[in-house]
Each structure stands twice: as C-alpha cells, then as structure tokens.
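Peer 1: My questions are about this predicted structure, shown below with the sequence.
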Amino acid sequence: MTNMELISIGTLSDDEAVARLFELTARGNAAADELAQLEAMVYGRLVEAYDGDEPPVLANRAA
C-alpha cells in the first residue's frame, strides 16, 4: 500500500470504512497497516458521535 492510499483512508465515508474493515478482517489481513488506521478512524468517529464519551458498546467490551 502506498502513502497516498493510506492518506485517502480519512476521506472514506462511515459506510465505506466499516465495509473495508470487514473486508480486511474476512480475508485475514489483521496485521495490515490499513486495518490499524481504519480501526483508529472508526473508533475516533464513534467517540465524536458520543460527544467525546466512549461509546457504550466499547466501554462494555473491557468488562
């Protein structure tokens, strides 16, 4: 993956990002840099959607 492809991840819509996460995970590419960037982006967007609080689903995941 090139730097340009990594930079363009931030321009994905929420639906595109989740679809790409699913695609990478389903293919077993769990070690991919792209996966880590997508996870961080999606998590960040979830936090924004909850006004800076951790989303309930993620907060319960650690329990």
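Peer 2: That came through, no problem.
Peer 1: what helix or strand is Val47 on?
Peer 2: Val47 is part of helix 33-49, with elements assigned from DSSP states H and E.
Peer 1: how about the nearest residue to Asp53, chain neighbours excluded?
Peer 2: Leaving aside its chain neighbours, Asp53 sits nearest to Val47 (7.3 Å; criterion: Cβ to Cβ, 6 or more residues apart in numbering). Every residue, glycine included, has its C-beta placed from N, CA and C.
Peer 1: Pull the number of nearby residues for the one you found.
Peer 2: Number of residues near Val47 (other Cβ atoms under 10 Å) recorded here: 14.
Peer 1: That one is in contact with Met41, isn't it?
Peer 2: No: here Val47 does not reach Met41: they are 10.9 Å apart, not a contact under Cβ atoms under 8 Å.
Peer 1: re the thing from before, which of the residues in the helix holding Val47 are buried?
Peer 2: Applying a neighbour-count criterion of 16 or more other Cβ atoms under 10 Å, the buried positions in helix 33-49 are 35, 37-38, 41-42.
Peer 1: which among the residues you listed gets closest to Leu21?
Peer 2: When the buried residues of helix 33-49 are compared for distance to Leu21 (Cβ to Cβ), Leu38 comes out closest, at 5.0 Å.
Peer 1: Report the separation between the closest one and Gly52.
Peer 2: When distance is defined by Cβ to Cβ, to the nearest Å, Leu38 is 21 Å away from Gly52.
Peer 1: Now tell me which helix or strand of this protein has the poorest mean pLDDT.
Peer 2: For the chain, the helix or strand with the lowest mean confidence is helix 3-8, at a mean of 52 (criterion: mean pLDDT, DSSP states H and E).
Peer 1: could you dump the buried residues of helix 33-49 to CSV with distance to Phe22?
Peer 2: Listed next are the buried residues of helix 33-49 as CSV, based on distance: Cβ to Cβ, whole Å:
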residue, distance to Phe22
Leu35, 11
Gln37, 15
Leu38, 10
Met41, 14
Val42, 11
